[in-house]
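Q: coordinates for the following, if possible.
(chains A and B)
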Amino acid sequence: MRRLPRTPRLVLLVLLIAGLATMPLIPDWFPDQSWVTNSRLFSFTQMFMLITLASNWNLTGGFAGYVDFGHAVFFGIGAYGTGILMNHGWSFWPAMGAGAVFALVFALVIGWPTLRLKGPYFAIAMLGTFVAVREIVRVSKGLTGGGVGLTLPPYLNRPLFYWITLALAVVVVFIMWWIRRSEFGATLIAIREDEVGAEMRGINTTVNKITAFAIGAFSTGIVGGLWAYQNTFIDPDVVFFPSRTVELVMMSMLGGLGTVAGPVLGAATIYWMRDVVWANFADYHLMVEGFLLILIVLYTPEGIMGRLGDKSATSLQKVWKRNGKVPEDAVDEAVEQVTP
Amino acid sequence: MDLFLQALINGVMLGGFYAAMMLGFSVIWGVMGVINLAHGEMIMVGAYLSWVLNENYGMDPFVSLLIVMPIMFVIGYVLQLILINRVVNRPILASLLVTFGLSIAVANLAKLVFSADPRLTDTALSGAWSVGGVTFPVTKTAIMGVALIIMSSLYLFLQSTRTGKSIRAAAQNKQAARIVGIDINKIYALTFGICIAITGAAGALISPTQAVFPFMGTPLTLRAFTITALAGLGSIPGALMGGVVLGIVESMIGVYVPGIGTNLAIIASFVLLVVILITRPQGLFGGLRPHEEPAQI
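A: Numbering: from 1, shown residues only, chains lettered A, B, ... in the order given. A predicted model of the protein is given here:
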């Protein structure tokens, strides 16, 4: 399949975003239509959140190749940070900001040891972190309400949440696009392809990995806060929902790991499937999603974007040439001799 | 002092069970290089099978073991042939994601079939022996006894039978094993079947003492991972030691941290896991495979 040239693609993208942004206004302009309802806006809001979450996951999981089975822990910390502070009389925005900062700090603290682990060890350590934090939240009854949960002041303005989450998704995807083209993004991809090689070329892999991890955690913390406020109720099982991480992995993989558009496409597809196809079979959808993940891994491990031949990859070599930092050929030769 | 001794004994008994529970996980990883994240769900399936037999035919879980194990062997054998075999030779992320998907699917399938209510099986074994102020509950002692029998049988099987030797050969060097005429696919399917049978047996064993519910799997998978990290891949003596260490840690926390101790136990196993992975990634006791850098995704 051929890709459109750049300008028409940009025009289409802007039209799409503008169209989505005007959607909540349609009932005001055309009072006789019935398609745009509050529940439909709510459903789109969920989809924008998932797009953001999948993009965040993709930053460490797809770009840097550190597959994380516990990313939802940052969602939970963001949600609980917001919920607890709002119960202490803070207003929403500062509470949400603080919640996201908690997620960021937690990412720095937990990423420092866990990002040294490779491959499956990292994935499992994060799954362990996720379960451990959920139990800690359940145990600290004084702060978090324990298993009973927390209630947030209700604020039911569906169009507003729609716009906020749409804006967040657009901003996050733009940041991902920018990272992908930057030296930082190329560094992450170098870490994914050959971490030892990247280190030998003088890249501080630890700092780069932790930075990516923390950016993703911060942004996921924001989504957590928004979700908590919109849902007005949080408890450990709702917020630390075990399959949320699976969904993120699955969405990124379906769309294409390590691509910018992949998580967006994957999240939109899977959310649409669940909302439309599985809405009548709510009991089955998790089971089906589990099987779907298996099918994706077996049959399209490169995802939709990979199938489309995504060429947005920027190699580290290219970035270095652009910045006038061409690595010496001797280093390459030495690496070839050392690595079997 | 009695309290301490009791906690120690409880920990050792729990550890014996843990060792049997994680053995399948560890051997599958050691032989095939597959991290089976659906391990906890296999325990859950074994426990539910035992519960069904108990509920419908009044069968004691210690007896129904003999039925659960063959069924689980078939499940494992088939799973390996139709699913795991397709990802064995791919990067480790593939098998990790496939088994993760499997665990979600199986847990939710169990929720549909059995509902989320916790279940327990009845066993004829009850009461407790008391030796010098320390009590040995009969059920838990029997669980540990059966676990030890299972483990030593597996050890003897791997050490002295022809098939067992083929399995070890496949773990050490797949190419060389092929050259000397070992059918790798058959050996893998057999390994997976045996390991799942043991795992299902562990599920049947805990069904009288611990609530059986669809989502019991993930914490158990995590524990299996922790113990494997402690023990080294596929090492049976290591598994016993690792299981006992974790059992004692959890039991001590349960006793000395009142109220929230049971919730803290899972946190403890996670902290132990990360500490071990960072300080001694090859495990405390070596194992089936020589130490190697964990595969890059």
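
Q: just checking, B:Leu79 touches B:Ile196?
A: Yes: counting by C-beta atoms under 8 Å, B:Leu79 does reach B:Ile196; the two are 7.2 Å apart. From N, CA and C alone the C-beta is placed, and that goes for glycine too.

Q: quick one: which of the two has more around it?
A: B:Ile196 (30 against 20; other C-beta atoms under 10 Å in any protein chain shown).

Q: surely the more buried one meets B:Phe73?
A: Yes: when contacts are counted by C-beta under 8 Å, B:Ile196 is listed as touching B:Phe73 (6.7 Å).

Q: return the residues of the stretch 51-200 of chain A in contact with chain B.
A: Proximity of the stretch 51-200 of chain A to chain B (C-beta under 8 Å from any C-beta of the partner chain) is limited to residues A:65-67, A:69, A:113-114, A:116-121, A:123-125, A:127-129, A:131-132, A:135-136, A:138-139, A:195.

Q: which residues in the stretch 51-200 of chain A form strands?
A: For the stretch 51-200 of chain A, the strands defined by DSSP state E, counting those that start in this stretch occupy A:150-151.

Q: residues touching the residue in it positioned nearest to chain B, list them.
A: Proximity of the stretch 51-200 of chain A to chain B (C-beta to the nearest C-beta) peaks at A:Gly128, 3.7 Å away. Counting by C-beta atoms under 8 Å, 6 or more residues apart in numbering or on different chains, A:Gly128 touches A:Gly70, B:Leu222, B:Phe225, B:Thr226, B:Ser269, B:Phe270, B:Leu273, B:Val274.

Q: rerun that using 10 Å as the cut-off
A: The contact partners of A:Gly128, by C-beta atoms under 10 Å, 6 or more residues apart in numbering or on different chains, come to A:69-70, A:114, B:218-219, B:221-223, B:225-226, B:266-267, B:269-274, B:277.

Q: likewise for B:Phe270?
A: Counted by C-beta under 10 Å, 6+ apart, B:Phe270 has contacts A:124-125, A:127-133, A:135, B:219, B:222-223, B:225-226.

Q: now do the strands in chain B.
A: B:128-131, B:134-137 (DSSP state E).

Q: would you confirm that B:Met252 contacts B:Leu5?
A: No: using C-beta atoms under 10 Å, B:Met252 is not in contact with B:Leu5; the gap is 11.6 Å.

Q: between those two, who's got more neighbours?
A: B:Met252 (18 against 12).

Q: gap between B:Tyr18 and chain A?
A: 16 Å (C-beta to the nearest C-beta, to the nearest Å).

Q: what's the pLDDT at the closest residue to that residue other than its chain neighbours?
A: Nearest in space to B:Tyr18, with sequence neighbours left out and distances taken as C-beta to C-beta, 6 or more residues apart in numbering or on different chains, is B:Gly243 at 3.7 Å. Listed pLDDT for B:Gly243 reads 86.

Q: swap in the one 4 residues further on?
A: Among the per-residue scores, B:Gly247 holds a pLDDT of 87.

Q: show the contacting residues for it.
A: Counted by C-beta under 10 Å, 6+ apart, B:Gly247 has contacts B:8, B:10-19, B:144, B:223, B:227, B:265.

Q: list residues touching both of B:Leu79 and B:Ile196?
A: B:Asn36, B:Ala38, B:Met42.

Q: those residues also near chain A: which ones?
A: Filtering the shared contacts of B:Leu79 and B:Ile196 for proximity to chain A (criterion: C-beta under 10 Å from any C-beta of the partner chain) leaves B:Ala38.

Q: any chance of the shared contacts of B:Leu79 and B:Ile196 in TSV with neighbour count and pLDDT as columns?
A: Formatted as TSV, the shared contacts of B:Leu79 and B:Ile196 follow (neighbours: other C-beta atoms under 10 Å in any protein chain shown; pLDDT from 0 to 100):
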residue	neighbour count	pLDDT
B:Asn36	30	89
B:Ala38	28	91
B:Met42	30	93
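
Q: so for the lengthiest helix in chain B, mean pLDDT?
A: The longest helix of chain B (DSSP state H) is helix B:2-32. The pLDDT scores in helix B:2-32 average 85.

Q: where's A:Ala214, which helix or strand?
A: helix A:205-231 (DSSP states H and E).

Q: so what strands line up beside the helix or strand following that helix?
A: For helix A:205-231, the following helix or strand on the C-terminal side (DSSP H and E) is strand A:233-234. Under the criterion DSSP bridges, strand A:233-234 sits next to strand A:150-151 (antiparallel) in its sheet.

Q: what's the partner strand in contact with?
A: A:79-80, A:82-84, A:86-87, A:143-145, A:228, A:232-235, A:239.

Q: are any of those buried, and which?
A: A:79-80, A:82-84, A:86-87, A:144-145, A:228, A:234-235, A:239 (16 or more other C-beta atoms under 10 Å in any protein chain shown).

Q: endpoint to endpoint, stretch B:30-37 covers what distance?
A: 14 Å (C-alpha to C-alpha, to the nearest Å).

Q: need the pLDDT of B:Gln282.
A: 58.

Q: and the residue in the stretch 151-297 of chain B that chain A sits nearest to, how far from A:Ile210?
A: Of the stretch 151-297 of chain B, the residue with the smallest distance to chain A, taken as C-beta to the nearest C-beta, is B:Phe270 at 3.7 Å. Separation of B:Phe270 from A:Ile210 (C-beta to C-beta, to the nearest Å): 20 Å.

Q: go on, A:Gly89?
A: Distance from A:Gly89 to A:Ile210, by C-beta to C-beta: 34 Å.

Q: so who does the residue lying closest to A:Phe130 once chain neighbours are set aside touch?
A: Computed as C-beta to C-beta, 6+ apart, the closest residue to A:Phe130 that is not its neighbour in sequence is A:Gly70, at 3.3 Å. Residues near A:Gly70 by C-beta under 10 Å, 6+ apart: A:76, A:110, A:114, A:122-134, A:240, A:242, A:245.
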